[in-house]
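> give me a 3D structure for the following:
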Amino acid sequence: MLDTLAPIAMQAAATLTKRRETIAVADGATGGLILAGLLTVPGATRFCRGGGVIYSFKGREVLLGLSKEDLAGMESVTEPYALLQARAIRDRFDADWGIAESGSAGPGRHPGGVPTGRSCIAVAGPDIAVVTTIESGSEDRIHNMGAFALAALRFLNSTLEAASSVQDSFSN
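The predicted model follows:
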């Protein structure tokens, strides 16, 4: 799996390093694979501040520092929840960018009733915050974890590219 994630992470690393920006990661159903993908890049400390797996209420409290008020009305595996996490991990790690994934890897239904194979991914950065939802159509947990991480890194790259296009248009 890391062999598949590494080249995509390398692209994000190149963009972040060139722009002298940093990122922090809140992995969910990906189990740390997004962060692991980024850490395959030699010299990752230049662009990666760190992160962690948000897989319990305690983990969310420690890594994101969100209050009960911040979480009021939030449900996991939703776009608003993923975006809240992306912003929180970015701020908590004092990074320029935050990426978060909240998904249902399976097998079987998520405790919140979310179908297996759904993942919500959010990227929050300077003047941009975007979310997407993917559906793998699979009940296979290992497949879903990898598919979610791959989608997250691809989404990160497309977001960084879009942000670069906006920055380039302002500098012309």
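> the chain: strands as residue ranges?
Counting by DSSP state E, one finds strands in the chain at the ranges 23-27, 48-53, 97-104, 118-125, 128-135.
> need the ones you listed in CSV with distance to residue 152, can you?
Every residue, glycine included, has its C-beta placed from N, CA and C. As requested, these are exported to CSV (distance: least, C-beta to C-beta, whole Å):
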stretch, distance to residue 152
strand 23-27, 8
strand 48-53, 12
strand 97-104, 5
strand 118-125, 5
strand 128-135, 9
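> want to throw those into CSV with mean neighbour count?
As requested, the strands of the chain are arranged in CSV below (neighbours: other C-beta atoms under 10 Å):
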stretch, mean neighbour count
strand 23-27, 30
strand 48-53, 20
strand 97-104, 29
strand 118-125, 26
strand 128-135, 16
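> quick one: those as TSV, columns for mean pLDDT too.
As requested, these are arranged in TSV below (pLDDT from 0 to 100):
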stretch	mean pLDDT
strand 23-27	98
strand 48-53	97
strand 97-104	98
strand 118-125	98
strand 128-135	97
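> and of these, who's closest to residue 159?
Nearest to residue 159 among those is strand 118-125; the distance by C-beta to C-beta comes to 4.4 Å.
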